[in-house]
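> sequence first, predicted model second:
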Amino acid sequence: MRYLPKSPEERRDMLRAIGCDSIEQLFSSIPLEARLGRPLRLEPGKSEPEVLAYFRERAAENARDYTCFLGAGAYDHFCPAVVDALISRSEFYTAYTPYQPEISQGTLQAVFEYQTLICQLTGMDVANASLYDGSSALPEAVMMAVRATGRRRAAVARSVHPEYREVLATYLRHQEIKITELPFAESGQLVPEALAAAASDDLAAVVIQSPNFFGVIEEVAAAAEVAHAAGALLIVMVAEPLALGIVRPPLEADIVAGEAQSLGVPLSFGGPYVGFLAAREKYVRSMPGRLVGQTTDAAGERGFCLTLATREQHIRREKATSNICTNQALCALMVTIFLSTYGKQGLRELALQNLAKSHYAAARFRERGARLRFSGPFFNEMVVRGVGGGAGAAEKLQAHKIVGGLELGRFYPELAGDVLVCVTETASRGKIDELVRIYTGP
Amino acid sequence: MRYLPKSPEERRDMLRAIGCDSIEQLFSSIPLEARLGRPLRLEPGKSEPEVLAYFRERAAENARDYTCFLGAGAYDHFCPAVVDALISRSEFYTAYTPYQPEISQGTLQAVFEYQTLICQLTGMDVANASLYDGSSALPEAVMMAVRATGRRRAAVARSVHPEYREVLATYLRHQEIKITELPFAESGQLVPEALAAAASDDLAAVVIQSPNFFGVIEEVAAAAEVAHAAGALLIVMVAEPLALGIVRPPLEADIVAGEAQSLGVPLSFGGPYVGFLAAREKYVRSMPGRLVGQTTDAAGERGFCLTLATREQHIRREKATSNICTNQALCALMVTIFLSTYGKQGLRELALQNLAKSHYAAARFRERGARLRFSGPFFNEMVVRGVGGGAGAAEKLQAHKIVGGLELGRFYPELAGDVLVCVTETASRGKIDELVRIYTGP
Amino acid sequence: MSEQDIKKARRHVSQNEGLIFERSSPGKAGAELPPLDVPAVAAAELLGAQNLRTAIDGFPEVSEVEVVRHFTRLSTWNYGVDTGAYLLGSCTMKYNPKINEVVARLEGIANAHPYLPASLAQGCLRILKALSDCLLEIVGMDALTLQPAAGAHGEMTGLLLVRAYLEAQGNPRRKVLIPDSAHGTNPASAYMAGYQTQSIGSNERGTVDLAQLDRAMKDDVAALMLTNPNTLGIFEDQIAQIAELVHSRGGLLYMDGANLNALLGVSRPGDFGVDVLHLNLHKTFSTPHGGGGPGAGPVAVKQFLEPFLPVPVVVERADGSLAFEFDRPQSIGRVRAFCGNFGVLVRALAYILANGAEGLRQLTEDAVLNSRYLRKGLEGAYELPYASPTLHECVFCDKRQARYGVRTGDIAKRLIDYGFHPYTVSFPLIVPGALMIEPTESESKQELDLLIDALQCIAREAIEEPETVLQAPHRTRVGRMDEVQAARKPILRWKPPGEAAS
Amino acid sequence: MSEQDIKKARRHVSQNEGLIFERSSPGKAGAELPPLDVPAVAAAELLGAQNLRTAIDGFPEVSEVEVVRHFTRLSTWNYGVDTGAYLLGSCTMKYNPKINEVVARLEGIANAHPYLPASLAQGCLRILKALSDCLLEIVGMDALTLQPAAGAHGEMTGLLLVRAYLEAQGNPRRKVLIPDSAHGTNPASAYMAGYQTQSIGSNERGTVDLAQLDRAMKDDVAALMLTNPNTLGIFEDQIAQIAELVHSRGGLLYMDGANLNALLGVSRPGDFGVDVLHLNLHKTFSTPHGGGGPGAGPVAVKQFLEPFLPVPVVVERADGSLAFEFDRPQSIGRVRAFCGNFGVLVRALAYILANGAEGLRQLTEDAVLNSRYLRKGLEGAYELPYASPTLHECVFCDKRQARYGVRTGDIAKRLIDYGFHPYTVSFPLIVPGALMIEPTESESKQELDLLIDALQCIAREAIEEPETVLQAPHRTRVGRMDEVQAARKPILRWKPPGEAAS
Ligand SMILES: Cc1ncc(COP(=O)(O)O)c(C=O)c1O
Ligand SMILES: Cc1ncc(COP(=O)(O)O)c(C=O)c1O
């Protein structure tokens, strides 16, 4: 086997050295009845060309060379080639959690930079080293609010990504934390009255997403006011953080969490992505996940190490702030490189192009008689009313090598027939025009 | 511009520091009339996504997903993924010639290993660090023989790659070295009588290729005997060094040179490839190109450095053994990794698979009434008689996503209509069957 | 020891590099965009002035070459599996094949959107199906979810399955039993599934104390959460009795599959009584650890737990095509958006396909052989707290060195000077001063011999020149990091020089 | 200086690694093949027993992980442009953009066979055409060949063109004039084109001595081979007179374009009298130097030389498609098989497209600005042999340091300790003890300031503690290599331990 650095003779030598007669003897501590008396029923090992051919065949069974107008929590943006080139440095991707800082300063400094970038982007004070993804960042944020307030109820906007809310429900089911759902208005934004009604003194957190699942930007300050008045924390989720290149960050929030895939991580059929979680300084000790801090060595040289580990499972066990151990470090590194490369101006321009393209599409839709479901301001996604549902459009789109938007009926029965269309900088004007034409009929 | 690490302010600061008022002043030493008074007439700079799109469009204009039966000096073999992963280490590919050995031991040791591998493969004593390609290795080898013998004529088999011979002619035209061409026999091998006739006492070298351009293995020992009897050197060219995995190396030769693309270097429309040149120890000081040697530092630690530089142009100038400076180091590294990965057994098996596939194809051709032009033993290429010429076959092949063999009329008028077919391990049995069926008609 | 005695490493010049923010200057950028092909827009109008952001304060402005050098330099301060032996016990730091990186980046795979219609995602779905099938055969279980993003995530998922099942039976029960040698994620995950945890002691052979388990295994216990082989590398040889005990009292047997590398083709959890287990694809199945993830923690179950698996599951339609099924009324719901860490799953499948049945068994044999060889080589120099036979890893302790004031953490630091990535320090908790070493199958005899030699040297140093060990590492670009200082007044982000004081 | 004074680098642990042959043991392999889908064959029968090879003696047998670690470790002993400033003068060690590596590896490009029928290779042909067009505009010439594999190869090609042209005029002439500051490849290439060479001295301003040129420029002189800006970084400001002189005597003006990085968008050789020039795409146009190649050395010519260009050339057919044309009776023939170092050409085109007209001019400005800034910063510490204004590089000499026994080679070695790749040592030959420094446009002001600081420190060390400089480098994994020993009894390959004596 090509991955194994041993010759048959070396195996024999080593067996002899440990005083074993046979390989089988190595496993003598496993009771016979617990042993598998036959080979595994798997295909014989494949050579590298066969492995490659297998995955090429699979890849060919997927959409390739399509223009895709799907967003809904997973976004396609131009990713500079440096990102893949640099994360492919094996010192980064074949290392593990930087438990030994003296030979892990590369990872540690990069995470420190990541934490800083997330703070800058979100307007928060501190950010952790990553969580699994945006969806699991939601329960982590809510549980953090529960720890911080001692209360056990969260009011969650229905316009938060439906799968995030599903995950929240799964996580919280057995933790005696209640969820109150908050409806959305004609604008696509949270209904303020509903929030006011939910804001009682057992409320740990108000959760909104901005831009929300419909692409609409929420009124963060207003939500914060109500939440804070009730003694609750405001959690703002972000599934499309590129918006923060041009949209004012949710400064009034206490916790900003979400998904950073959009910033340099490949779509990869849904993962690996990278959850982020940032918060006000005062909540740092109730944060979940790893944190990297700055320190010095004996000679006073600056360096970095994992810190505040007493929050974590390997020390606190069941009392930890989270069970998370392995997180999404390499994806966080992609984000760090992506943001460093685009930089201050570049990110803004990228966001602006998204804004321009999506509003161009919206204008084309309107011109051709289609209407947007919501009136609130949006970034790069919008809900187009009633253009979905037909198999005809889907087929036509495919014939044009287009993947259309997301049919919302699946998540919101009341929006059946509506389509969530995402338009990023990667969609050419021509393809946008085609999309609109096909959706709006002949 | 994204590649330039300067802000406008830094440019101003630096100008100020050197006492310049304007950028234009930097160029004041260039006479005005030698300056370009207008912008270059090139398109505006492209962003990275545009550059990528440009080349994707070009790539789509080429054959993709074809099975290709072309060889003729450029071979497609399975290349382990480690090759590209490792040559992509930027310490390798962004470095230059290892002039400073203390921070170039990586390149130096790898070249030392390459030199060793080439010696092992060819059966020679010494090998250089690389030449441009197989074709230019031929004149370099002949000039080396001229230096070694003091004679100025070379007898060159017509079955040596025609483009190599063209290059030889170009190089030698003004150096007063004569070339005598040696014909091939029915076997596809050198006509022994012709060699005997050419072997006079002004002969510096006999040049054969094995496997030769027709894929046929030459009788090296016999050629060596004649050459040596006449006081000439035998130069054996190799364009498909994979053959040496199963074919006896040309031990009787004095110089073995050729093209190592076949061993891990991408086809890349003809380059960059990598010329190799190996020889008997006694000729080392007349070798062209770089050589890496083993040495030690003051503490006695083993290390490597460029050596025998007194042969080279930067010291000997017009009296150098060659004008070569930049060579093909990165491609030599690909070869080193490729050979290390396949190793002793793997290379043999790879060669055997080529042998099996090409002889399978030959058998199918014979079954369907086609004949091979030559009777000599062949490795992975063969000349099939009279199946070429028609545009019909070419079209049908293309329809089956096959690129057929090379039509030989272009290089050998007497072989017009014959096709040089190369069958490597990458061709599936099904595709071979298709190829044969199409070439041999309905 | 003198510098010359260190055979595996020397010192070499290494570039300094500040924070990316310290390279910034106004107007530089590392990326540019194609010209906009639609009309430009006035953001303030579209978004509302109150929603507009002017600039991201402090964000870096650097060119492409500076980004490349910055992260290249940082990378050279790291140590990865490609650098050398990475001995972290319990982490299975094996070689990550390069072809896996290639296939995960293929067009059609790397750029597939998770909401692609099934007709345009058959390749992805078939990858999920193929991986499930392989993993089920490997562990001898009946059904599986690929959704969890890591081991701990899998633990929580598995326990939620236990709970959902018991709930459906009428009583979710209250407790999960966890041996004291278990990983910290186990109790933390149990807590997230709404369970209290109770610790079970180990006996003098390093395995579960059966008597204690017997006492603890009451009818309020939902499950025993067992790691097998356990974190000492010892196979729980009373596994049959344990399973019988747990099952007879109505509990379920959960297995933490972190150590599956010891068992491939040799023994299957499904065959020795396990009801639910999670796997760590980033351990056993070679997906790169990425500096701390991503991983993947699939959960495999026996048939009776299948109805509770997270949604969606991949199903085969009548026409042979695959699709996601969402409508599963008994499901615990989602534990993650979309369908898991797909890119990691691709790599794991590539690894399994490359190995095949024979290769998997062979690698397990090699992993155990390596660990045993190492154990033999170090027995004389380090104290082995448990004499039981071990499989893929072994745990020593620093008892002998502690006499000279040298602890496991110091030995680890000194091992860095010798060119290795240290083992896991101070885990499992039941071994005071633990050195937990897992060489995996990826180490050659040469590398192991160097390691034995290094640890032997350090053992001597601990006696003869303990200061050398206590002050280690000596050969790294920074010395021992002051972790106390880092935690006392945490600096968790960079701030512009002016603000840094705040 | 103490360790602390070195701002740019420290020392860090670095893995040892023997030769790949020293890792070998029988039966290991790093690659496997798919099962053969055709009948196996008996090689001895097919090839003849006398042609059969049994085994390749001494060939390595190693696993994939060992290959990966081996070459990864080797790589860490190197210094590349991605590591930091790479100051080799005349080599233009600029940043190699990552996107270029991506596009050169695209399917359809990386796997295109050179003998593909033109109909299946239009993309490749269009790349060749596009690059030619761009380069011609940049240098102001009329026609171009992309065949030569490197600068020296281009030189030979260019001189063969000169010769072919003169021959067609009736007399190839005998000599090529070459300034004494020229690169060693120039005379070596002239020799290969069948010319004798004659050296032309430089004047006190570091440019061609016009009077000497006047005397030498007889009617047996085929060409003057000029590097402009020359290897001192000085533009030949009497270029008009030089061109006039050469042309008036029936000679041609050849330009070595190695230093074109000083001229992009600023000045075009075709506009100042050059008849033929070669470019180094691996210098000016950012293709990676690869540890010593591959490069590419296209040759551009004025119209009258076009008929002599190597075959094939790319031509446009009536239908707009492109094809190779082979039938060119006056051609000098081929200088290389196939169509040049195509993969290098792809990268160069990517670079030109990325920069555009403005970007190219800007980078030249930055390159010159960097070099001038450096010159200014070092003037006080090192002797500048020529006072003339310089463009992209500057050449100091070690005169002041030599008083203390410290030579340019020593300073270079010490610069390694300071974290830099040294400049070019001892070239050009007309400057005894030369330090030839070319920072390129890829260095930031930060990096240049560190360099100035480092060279200033070394200048002080040369006076205050010359031994430190003479014994340098001190911070590398191996000390100064004994090059004399290497040449005296050359060991040019590994041999198995038994044979090593032979
Ligand atoms: C025994 C054991 N269980 C569980 C885990 C947690 O796995 P993960 O880090 O993938 O969440 C680990 C991780 O190191 C472990 O060693
Ligand atoms: C001035 C000059 N001319 C010619 C050359 C030769 O170029 P190449 O190494 O590409 O053959 C060089 C290379 O360093 C050079 O600096």
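Yes, it's here. Ligands and ions are numbered 1, 2, ... in the order given.
> and the strands in the stretch 51-200 of chain A?
Applying DSSP state E, counting those that start in this stretch to the stretch 51-200 of chain A gives strands spanning A:67-68, A:126-127, A:153-157, A:178-182.
> my error: substitute chain C in the last question.
Along chain C, counting by DSSP state E, strands occupy C:9-15, C:143-145, C:175-179, C:196-200, C:221-227, C:252-257, C:276-279, C:299-301, C:313-316, C:322-325, C:394-397, C:424-425, C:434-437.
> wasn't residue A:204 part of a helix?
No: assigned with DSSP: H, G, I helix; E, B strand; the rest coil, residue A:204 falls outside any helix and is strand.
> just give the number of residues close to it.
Per other Cβ atoms under 10 Å in any protein chain shown, the neighbour tally for residue A:204 reads 27. Placement of C-beta: from N, CA and C, glycine included.
> same check, this time on the one 5 residues further on
By the measure other Cβ under 10 Å, the count of residues near residue A:209 is 28.
> surely it touches residue A:159?
Yes: if you go by Cβ atoms under 8 Å, residue A:209 and residue A:159 touch, sitting 6.3 Å apart.
> would JSON lines of the strands of the stretch 51-200 of chain A with distance to residue B:163 be doable?
Formatted as JSON lines, the strands of the stretch 51-200 of chain A follow (distance: least, Cβ to Cβ, whole Å):
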{"stretch": "strand A:67-68", "distance to residue B:163": "43"}
{"stretch": "strand A:126-127", "distance to residue B:163": "60"}
{"stretch": "strand A:153-157", "distance to residue B:163": "70"}
{"stretch": "strand A:178-182", "distance to residue B:163": "74"}
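> returning to what we had before: which residues are in contact with both of residue A:209 and residue A:159?
Between them, residue A:209 and residue A:159 share these contacting residues under Cβ atoms under 8 Å, 6 or more residues apart in numbering or on different chains: residue A:218.
> show me what contacts residue A:217?
By Cβ under 8 Å, 6+ apart, residue A:217 lies in contact with A:189, A:210, A:211, A:243, A:247, A:376, A:377, A:378, A:379, C:47, C:48, C:51.
> out of those residues, who's the most crowded?
Most neighbours among those, by other Cβ under 10 Å: residue A:210, with 31 neighbours.
> distance of it from residue A:232?
In this view, residue A:210 and residue A:232 are 17 Å apart by Cβ to Cβ, to the nearest Å.
> show me the shaky parts of chain C.
In the predicted model of chain C, residues C:1-2, C:500-502 satisfy pLDDT under 70.
> now the closest residue to chain A within the stretch 51-200 of chain C: closest residue in space that isn't a chain neighbour?
Taking Cβ to the nearest Cβ as the measure, the stretch 51-200 of chain C has residue C:194 as its residue closest to chain A, at 2.7 Å. Of all residues not flanking residue C:194 in the chain, residue A:174 sits nearest, at 2.7 Å (Cβ to Cβ, 6 or more residues apart in numbering or on different chains).
> is the longest helix along chain C anywhere near chain A?
Secondary structure of chain C read by DSSP state H shows that its longest helix is helix C:342-378. Yes: for helix C:342-378, a contact with chain A is found by Cβ under 8 Å from any Cβ of the partner chain, at C:342-344, C:346, C:350, C:352-363, C:365-366, C:368-370, C:372-373, C:375-376.
> residues near the closest residue to residue A:290 other than its chain neighbours, how many?
Closest residue to residue A:290 apart from its sequence neighbours, by Cβ to Cβ, 6+ apart: residue A:129 at 3.9 Å. Applying other Cβ under 10 Å, we find 31 residues neighbouring residue A:129.
> swap in residue A:36?
By the criterion of other Cβ under 10 Å, residue A:36 has 19 neighbours.
> surely it and residue C:272 touch.
No: the criterion here is Cβ under 8 Å, and residue A:36 misses it with residue C:272 at 9.8 Å.
> now for residue C:229: which residues touch it?
Contacts of residue C:229 (Cβ under 8 Å, 6+ apart): C:235, C:236, C:259, C:262, C:263, C:390, C:391, C:392.
> now do residue C:138
A:40, A:42, C:260, C:264, C:265, C:268, C:352, C:360.
> and the residue of chain C nearest ligand 2?
Per Cβ to the nearest ligand atom, residue C:65 is where chain C lies closest to ligand 2, at 21.6 Å.
> excluding chain neighbours, what is closest to that residue?
Nearest residue to residue C:65, sequence neighbours excluded (Cβ to Cβ, 6+ apart): residue D:95, at 4.0 Å.
> and for residue A:418?
Nearest non-adjacent residue to residue A:418, counting by Cβ to Cβ, 6+ apart: residue A:408, 4.6 Å away.
> ok, that neighbour to chain C distance?
As judged by Cβ to the nearest Cβ, to the nearest Å, residue A:408 and chain C stand 11 Å apart.
> my read is that that residue contacts residue A:389, right?
No: using Cβ under 8 Å, residue A:408 makes no contact with residue A:389, being 10.2 Å away.
> who has more neighbours, the two?
When neighbours are counted by other Cβ under 10 Å, residue A:408 and residue A:389 differ, and residue A:408 comes out ahead with 23 against 14.
> so what's residue A:270 closest to, chain neighbours aside?
residue C:338 (2.8 Å).
> contact partners for the one you found?
Residues in contact with residue C:338, defined by Cβ under 8 Å, 6+ apart, are A:73, A:74, A:133, A:163, A:269, A:270, A:271, A:273, C:114.
> can I assume the fifth one sits in a helix?
Yes: secondary structure assignment places residue A:269 in a helix (three-state DSSP).
> per-residue confidence for it?
pLDDT, residue A:269: 98.
> and for it, the neighbour number?
Residues within reach of residue A:269, counting by other Cβ under 10 Å, total 29.
> could you do the third one as well?
Burial measure for residue A:133: 35 neighbouring residues, criterion other Cβ under 10 Å.
> hang on, it packs against residue A:271?
Yes: counting by Cβ under 8 Å, residue A:133 does reach residue A:271; the two are 6.6 Å apart.
> which neighbours do these two have in common?
With Cβ under 8 Å, 6+ apart as the test, residue A:133 and residue A:271 both reach C:149, C:336, C:338.
> can you add distance to residue A:5 and give the residues you listed back as TSV?
Output for the shared contacts of residue A:133 and residue A:271, formatted as TSV (distance: Cβ to Cβ, whole Å):
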residue	distance to residue A:5
C:149	31
C:336	36
C:338	37
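> does stretch A:285-303 come close to ligand 1?
No: for stretch A:285-303, no contact with ligand 1 is found by Cβ under 6 Å from any ligand atom; the gap never falls below 11.0 Å.
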